[in-house]
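Engineer: pasting the structure only:
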């Protein structure tokens, strides 16, 4: 009886060791000679290029499971032209393995249009966004289009622009989509207030007047709109610099300008100036004047 239990114990120990080793063996995988690769699902992409991108080479050893397959899938994902990728074993003959790469191609743009904006603005945007007939519609391309359109309208003072991208399968072009860019500009944003720092020659009110056509919101200002348009803000700063220079402040600069959201409908503007010293004419000398003497020229 004692010997019987010893035998049972030995068998249990051997079985436990075998079970412990089995996952390790499975994890290590088995090495085969790659003897063939087939590509399925690629109608517009070059099949030989797909194989090349995986880094898998016929005749090379390949371990299943192993890092070579996962690396090949990762390389294909980087191309951003497929929405689904699988690499599977088709058949195994002795030490030879045959693989199948199955891909699902992303849709291609057949045509695109704009909705909610004028034809002239649509024509401007058409040249800016990277939508070309026959090219693949990727998520990066969608995000780029949204960014371009949003920046386009921010320059015009529309800070609350929203863009919806609508896609529909093309009935004629296989794997093609028609894209409709629906733009809602929203209302132009306005200037809640303008804050000025570093000004001594002009008080705050005078500085704001010298900005010309760039106003903060006031209840009594009916006709002069307080909309914020970046281009007008840059021009207004140029007007302010000119006003200072006309009074002899030749070194004046805008050290810093900042615009931040006050609420959904307004921004606040801050300007920090360096006026520098005021310059005056000390004397004027003349040279090369033969027709008129210096006194006449001085008087003029």
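Structural biologist: Good, I have the coordinates. All of these numbers come straight from a predicted model, not from anything done at the bench.

Engineer: Only C-alpha atoms from now on, for both contacts and neighbour counts.
Structural biologist: Fine.

Engineer: From the contact counts, what lies against the helix or strand where residue 76 lies?
Structural biologist: Residue 76 is part of helix 67-78 when elements are defined by DSSP states H and E. If contacts are counted by 3 or more C-alpha pairs under 8 Å, 6 or more residues apart in numbering; DSSP states H and E, helix 67-78 sits against helix 47-54, strand 82-93.

Engineer: hmm, try it at 10 Å
Structural biologist: In terms of contacts (3 or more C-alpha pairs under 10 Å, 6 or more residues apart in numbering; DSSP states H and E), helix 67-78 is packed against helix 47-54, strand 61-64, strand 82-93, strand 96-105.

Engineer: which residue packs closest to residue 187, ignoring adjacent ones?
Structural biologist: The shortest distance from residue 187 to any residue other than its chain neighbours is 6.2 Å, reached at residue 158 (C-alpha to C-alpha, 6 or more residues apart in numbering).

Engineer: quick one, phi/psi of the one you found?
Structural biologist: In terms of degrees, to the nearest 10, the main-chain angles of residue 158 are phi -100, psi 100.

Engineer: what's near enough to touch it?
Structural biologist: For residue 158, the contacting residues are 150-152, 184-190, 227-229, 265, by C-alpha atoms under 10 Å, 6 or more residues apart in numbering.

Engineer: Filter the residues you listed down to just the ones in strands.
Structural biologist: Mapping the contacts of residue 158 onto strands (DSSP state E) picks out 184, 190.

Engineer: number of nearby residues for residue 258?
Structural biologist: Counted with other C-alpha atoms under 10 Å, the neighbours of residue 258 add up to 10.

Engineer: my guess is it is in a strand, correct?
Structural biologist: Yes. With DSSP: H, G, I helix; E, B strand; the rest coil as the criterion, residue 258 is located in a strand.

Engineer: What's opposite it in the beta bridge?
Structural biologist: Counting by DSSP bridges, residue 258 forms beta bridges with residue 270.

Engineer: List the residues that contact it.
Structural biologist: Contact partners of residue 258, counting by C-alpha under 10 Å, 6+ apart, are 195, 268-272.

Engineer: thinking again about what came up before, make a markdown table out of the helices and strands packed on helix 67-78 and add mean pLDDT, distance to residue 201 and mean neighbour count.
Structural biologist: As requested, the helices and strands packed on helix 67-78 are exported to a markdown table (pLDDT from 0 to 100; distance: least, C-alpha to C-alpha, whole Å; neighbours: other C-alpha atoms under 10 Å):
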| stretch | mean pLDDT | distance to residue 201 | mean neighbour count |
| --- | --- | --- | --- |
| helix 47-54 | 92 | 67 | 15 |
| strand 61-64 | 90 | 79 | 18 |
| strand 82-93 | 91 | 64 | 14 |
| strand 96-105 | 92 | 66 | 18 |
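
Engineer: So which of the ones you listed is nearest residue 30?
Structural biologist: Minimum separation from residue 30 across the helices and strands packed on helix 67-78 (C-alpha to C-alpha) falls at strand 61-64, 5.3 Å.

Engineer: Partner strands of that closest one and their direction?
Structural biologist: Strand 61-64 has these strand partners (DSSP bridges): strand 30-40 (antiparallel).
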